[in-house]
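Engineer: Provided below for reference: sequence and predicted model.
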Amino acid sequence: MGNKIGAPERIETQRLLMRQFEERDLDGFAAICGDAEVRRYMANGRAMNRQDAWRAMASALGHWRLRGFGMYAVELGATGELVGRIGFLQPEGWPGFELGWMLARPHWGRGLALEGASAALAIAFEVLGQSEVISLIHVENARSARLAERLGQSVWRTEKVNDTVVNIYGIRASGHTTSIQRPQAGPTMP
């Protein structure tokens, strides 16, 4: 599981605020999870109803409590609009420390998933001390496969997880090239 240090509860990127889920997220999250196209390659491939979206949010918060890391609710920094979730999964029996993502369809193709997943990947290696990170991607999900490759991941193997055949993409810490952007201390002296 890596070291015992937990992930930061908030991450800010250029355009995103990634934070733990709150009750106020239910309407937006239920709308995202209720879109069959968004859920097409996830779990059973079906849209979620409002109650299932609530349970998914509660599960994400429980994962944080049990593991010290989990899925972040992702909102646009400029507007506060909830646009999806990005973060980590490693429930009991999972094939490894996973980085996953899911965004609302109107926000696909804008580089938001790459921006958020890149920040999360840096946290996985630099804060959580993970030696490798995987992403489970349905074998037909070309969009997520491209994102995994842009993150530096490659296909390690194909296996059946929860009755779904997935490609397991992965990257090792030694192959990771980006780092957490920290504020500068101030101007440097010549």
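Structural biologist: Thanks, I have the structure now. Model, not experiment: these values are computed from the prediction.

Engineer: in terms of secondary structure, what does the longest helix along the chain contact?
Structural biologist: When the chain is parsed with DSSP state H, its longest helix is helix 50-67. Counting contacts by 3 or more CB pairs under 8 Å, 6 or more residues apart in numbering; DSSP states H and E, helix 50-67 is packed against helix 26-33, strand 71-76, strand 82-89. Bear in mind the C-beta positions are built from the backbone N, C-alpha and C, glycine included.

Engineer: tell me the angle of it relative to helix 26-33?
Structural biologist: Relative orientation of helix 50-67 and helix 26-33, computed by axes from the mean of the first three to the mean of the last three CA atoms, to 10 degrees: 100 degrees.

Engineer: ok, Asn167 to Gly109 distance?
Structural biologist: To Gly109, Asn167 is 21 Å away according to CB to CB, to the nearest Å.

Engineer: Arg157 too?
Structural biologist: Separation of Arg157 from Gly109 (CB to CB): 28 Å.

Engineer: repeat that for Val127.
Structural biologist: In terms of CB to CB, Val127 sits 29 Å off from Gly109.

Engineer: quick one: Asn141 and Ala43, what's the gap?
Structural biologist: On the measure of CB to CB, Asn141 and Ala43 end up 12 Å apart.

Engineer: more crowded one of the two?
Structural biologist: Asn141 (17 against 14; other CB atoms under 10 Å).

Engineer: show me the contacts for that one.
Structural biologist: Taking CB atoms under 8 Å, 6 or more residues apart in numbering as the contact definition, Asn141 lies against 40-41.

Engineer: please apply the same query to the one 3 residues further on.
Structural biologist: The contact partners of Ser144, by CB under 8 Å, 6+ apart, come to 41, 101, 135, 137-138.

Engineer: buried sites along the strand or helix carrying it?
Structural biologist: Using DSSP states H and E, Ser144 maps to helix 142-150. By neighbour count with 16 or more other CB atoms under 10 Å, helix 142-150 contains the buried residues 144-145, 147-148.
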